[in-house]
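Colleague: Requesting a structural model of the entry that follows:
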Amino acid sequence: MRVALIGQQAFGKSALEAFLARGTTVAGVFCAPERPGAKADPLRESAQQHGVPVFQLPSLKGEDATRALRGLEVDLAVMAYVLQFAPQAFVNVPRHGTIQYHPSLLPRYRGPSSVNWPIIRGETRTGLTIFRPSDGLDEGPVILQKTVDIGPDDTLGSVYFNHLFPLGVAALLEAADLVIRGEHRETVQDEALATYEGWCRDPEARINWHAHVDQVYDLVRGCNPAPGAWTTVRGRKLRLYDAAKHRTRTFSAVAGKPGEITAIGADTVDIALQGGRLELRTVRLEDGQKLSAGELARSLQLAPGVPFESDAATS
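Modeller: Model prediction:
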């Protein structure tokens, strides 16, 4: 098997090294140019260390990209975490076409933040898909899928790094073998089940303290570690990371107003919410390092009754 790998960052690096480790010839690597001042792309560095030719093109849509891929004379192209648009003129160059990784169970959660959103929405299951890229956003035929359970306290980090990342690398190898041997099946996605989600960034990650404790907790864990669910306290932006949810059986059992501090421990701060309370454990002020919520409370002289600011428009 002779492949070209298109990707970036740690996932692309792991995919490259997995193909190389089993003896696959990787004829070339395509990765986006690093932005000025950004850290070196781990995929590029690994490719260069292994003597694999690297193509850093600003776009995959031009003739330069198509010509470069055609010159490699590969059997298959493998897309591992690709943010650049790859047109059909590019993906159809290899003898057996191109396969692509996406960290959701397509056709659900198409789009760039597909790991965050199932957690934020309180889903109990997600997964990954290897599919044929088309000109639509994550719309091509499915080759294989793997399912992953989302535990009640899983975070973006635990779901991705413990499951979707390693399973995704293995799935790319499995799908590549199936395609090269002609043993794969391609299943057209059911558009009636399709959902599209945009980026999960700061506007989506702001906490509404008037929401139910379940919704707030799911937002915190779905944004941990990035972008970090956030609020403001004493006029300063605060990101929340590790937390715990404590539900109450009755409305009268909730102490305090929504978004109000109800208790401060050595390392924790409790916040009142509809349906229970949120126990904050690890937080970070926008201009500082991560610290325990208890440390934050002492540094800002917080006390029970102090409110965290809320934006009801985000509900």
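Colleague: Assign residue 246 to helix, strand or coil.
Modeller: Assigned with DSSP: H, G, I helix; E, B strand; the rest coil, residue 246 falls in the strand class.
Colleague: ok, it touching residue 275?
Modeller: No: the criterion here is Cβ atoms under 8 Å, and residue 246 misses it with residue 275 at 9.7 Å. C-beta coordinates here come from the backbone N, C-alpha and C atoms, glycine included.
Colleague: In contact with the residue most central in space within the chain, which residues?
Modeller: What sits nearest the mean C-alpha location of the chain, by Cα atoms, centre = their mean, is residue 115, with 4.2 Å. Shown in contact with residue 115 (Cβ atoms under 8 Å, 6 or more residues apart in numbering): 103-104, 126, 156, 159-160, 164.
Colleague: Can you pick out the most distant pair from these?
Modeller: Longest distance between any two of the contacts of residue 115 is 12.8 Å, between 104 and 156; criterion Cβ to Cβ.
Colleague: ok, back up a step: got a pLDDT number for the residue nearest to the centre of the chain?
Modeller: Residue 115 is assigned a predicted lDDT (pLDDT) of 98.
Colleague: repeat for residue 204
Modeller: For residue 204, the predicted pLDDT is 97.
Colleague: Count the neighbours of the closest residue to residue 247 other than its chain neighbours for me.
Modeller: Using Cβ to Cβ, 6 or more residues apart in numbering and skipping residues adjacent in sequence, the residue nearest residue 247 is residue 276, 4.0 Å away. If you count neighbours by other Cβ atoms under 10 Å, residue 276 ends up with 21.
Colleague: ok, residue 276 to residue 121 distance?
Modeller: 19 Å (Cβ to Cβ, to the nearest Å).
Colleague: circling back: which residues are in contact with both of residue 246 and residue 275?
Modeller: residue 213.
Colleague: between the two, which one's more packed in?
Modeller: residue 275 (21 against 13).
Colleague: so that one makes contact with residue 248?
Modeller: Yes: Residue 275 is within contact range of residue 248, at 6.5 Å (criterion: Cβ under 8 Å).
Colleague: returning to what we had before: pretty sure the residue nearest to residue 247 contacts residue 248?
Modeller: Yes: contact criterion Cβ under 8 Å: residue 276 and residue 248 qualify, at 4.9 Å.
Colleague: care to break the chain down by domain?
Modeller: 2-193, 202-314 (automatic domain parsing).
Colleague: Comparing the ones you listed by mean pLDDT, which bottoms out?
Modeller: Taking the mean pLDDT of the domains of the chain, domain 202-314 comes last: a mean of 92.
Colleague: centre of the chain versus that domain, how much separation?
Modeller: How far domain 202-314 lies from its chain's middle: 22 Å, per Cα atoms, centre = their mean, to the nearest Å.
Colleague: hey, C-alpha coordinates of the host helix or strand of residue 277 in CSV?
Modeller: Residue 277 belongs to strand 276-280 when elements are defined using DSSP states H and E. Output of strand 276-280 as CSV, limited to C-alpha atoms (Å, rounded to 0.1, in the frame of the first residue of the first chain):
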residue,chain,number,x,y,z
GLY,A,276,-29.2,21.5,42.5
ARG,A,277,-25.7,23.0,42.8
LEU,A,278,-22.5,23.0,40.9
GLU,A,279,-19.3,22.3,42.8
LEU,A,280,-16.4,24.1,41.2
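Colleague: Stretch 219-230: which residues count as buried?
Modeller: Neighbour counts over stretch 219-230 (16 or more other Cβ atoms under 10 Å) mark 219-224, 227-230 as buried.
Colleague: Which of those residues fall in helices?
Modeller: Using DSSP state H, the subset of those located in helices is 219-222.
Colleague: which one of those residues is nearest residue 268?
Modeller: For those, the nearest to residue 268 is residue 220 (13.9 Å; Cβ to Cβ).
Colleague: in the stretch 201-315 of the chain, which spans are helices?
Modeller: 202-205, 213-222, 293-299 (DSSP state H, counting those that start in this stretch).
Colleague: JSON lines please, covering those and showing distance to residue 9.
Modeller: Shown next, in JSON lines, are these (distance: least, Cβ to Cβ, whole Å):
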{"stretch": "helix 202-205", "distance to residue 9": "21"}
{"stretch": "helix 213-222", "distance to residue 9": "20"}
{"stretch": "helix 293-299", "distance to residue 9": "31"}
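Colleague: Give me whichever of these is most buried.
Modeller: Comparing these by mean neighbour count (mean count of other Cβ atoms under 10 Å), helix 213-222 ranks first with a mean of 24.
Colleague: And the contacts of that one?
Modeller: 116-122, 153-156, 200, 205, 207-209, 229, 240-241, 243, 245-247, 273-278.
Colleague: by how many degrees do that helix and strand 276-280 diverge?
Modeller: 20 degrees (axes from the mean of the first three to the mean of the last three Cα atoms, to 10 degrees).
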